[in-house]
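Peer 1: after the sequence you'll find the predicted model.
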Amino acid sequence: MIETRLLQQFIAVAEELHFHRAAIRLHMAQPPLSQAINRLEEKLGFVLLVRDKREVRLTAAGHAFLQGAYQTLQALNQGTEYAREVSRGLAGKLTVTALSIVGYGSLLNTFRQFKTTFPKVQLVIKEMPSLHQAQAIAAGEADIAFMRTLPIASSFLTSRLLLTEDILLALPIDHPKGVDKDVDLRHFAEDDFVFTPQALGSGYHQQLIALCEAAGFYPRVAQEAAQLHTLIGLVAGGFGVALVPETVAQSVRHDSVMYRKIRPLSPTIDTRLGLYATWDMRNDSPLLARFTSMLDFSETSAS
């Protein structure tokens, strides 16, 4: 491996074509410079410079090596500067996982602000269920996740509530119990339900089950769908009703589906869902620190 110092010394001689002037330029004595060029040629196994009493000139190989030396030092300088910006949180890559974020205007604004403030940062957003998000964070494959309650046990992951939103009931447009703007969940005990699979988000799934149990019944799950737009499509097709986050009503619209608020069952029964920002406390990425500082954890609604 050739030291960068040797490359810099060779470039000085190649540009000056004079050992004495090159030595002055490098703030060193001429004999050590001549010895350095000899060592470089020995390492390479070919002659770079022809020297005689009258002149110093580059060989054909010397001309070719000079171009390579320029490119090597330029790449090193660029790499060093890029690493410096990464260390300061001004460049690099931030990987974010999230549930469908179309309906979360405040979160989208944060993404937009972050991209504008740090244009050299590659912001990668991957949509996936809560369980897969938690696994990605734990495996170091993502920096921060936006999910429901943490679906796996971990002493390294931290979650902070970002916002809350109402749980709505999605009904086929011609459902006879959907006349009012809000509904009593107890009236749907005999209806079929469409749910997302429990394995993809056990906390979210259990909260919806608990809501039904508070209404006096256990939901009869007729169909499951991993994606919310598929779930709404099943509701439109008459496969059942579905409990969904409020943002679904804003982001997944369907002519054959209506959304209704749920009347409070009791002061102790929560009809709202939380969206949490989750990350690994061991992650010392400056970008992660900059991004989390932009999040407003005081928000109370998804709008």
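Peer 2: Structure's in. What do you need?
Peer 1: which residues does K261 contact?
Peer 2: 166, 168-169, 181-183 (CB atoms under 8 Å, 6 or more residues apart in numbering). Glycine gets a C-beta too; all of them are placed from N, C-alpha and C.
Peer 1: what about it, which helix or strand?
Peer 2: K261 is located in strand 257-262, with elements delineated by DSSP states H and E.
Peer 1: what about that strand, average pLDDT?
Peer 2: For strand 257-262, mean pLDDT rounds to 95.
Peer 1: so that it lines up with my notes, have the first residue be 24 from now on.
Peer 2: Done: numbering now begins at 24, and the last item shifts to strand 280-285.
Peer 1: what lines up beside that strand in the sheet?
Peer 2: Note on strand 280-285: by DSSP bridges, its sheet partners are strand 180-195 (antiparallel), strand 205-206 (parallel).
Peer 1: measure stretch 37-45 end to end?
Peer 2: 9 Å (CA to CA, to the nearest Å).
Peer 1: sorry, slip of the keys, the one I care about is stretch 140-160.
Peer 2: End to end - CA to CA - stretch 140-160 spans 24 Å.
Peer 1: just after the strand holding K284, pick out the following helix or strand.
Peer 2: strand 295-303.
Peer 1: ok, then the element right after that next one?
Peer 2: Going down the chain from strand 295-303, the next helix or strand is helix 309-317, by DSSP H and E.
Peer 1: could you give the angle of that following helix to strand 180-195?
Peer 2: Interaxial angle, helix 309-317 versus strand 180-195 (axes from the mean of the first three to the mean of the last three CA atoms, to 10 degrees): 60 degrees.
Peer 1: counting neighbours, which bits of helix 309-317 end up buried?
Peer 2: 310-311, 313-314 (16 or more other CB atoms under 10 Å).
Peer 1: pick out the most distant pair among the residues you listed.
Peer 2: L311 and R313 (7.4 Å; CB to CB).
Peer 1: identify the residues contacting stretch 68-81?
Peer 2: Outside of stretch 68-81, the residues within contact range by CB under 8 Å, 6+ apart are 33, 36-37, 40-42, 60, 63-64, 82, 84-85, 88-89.
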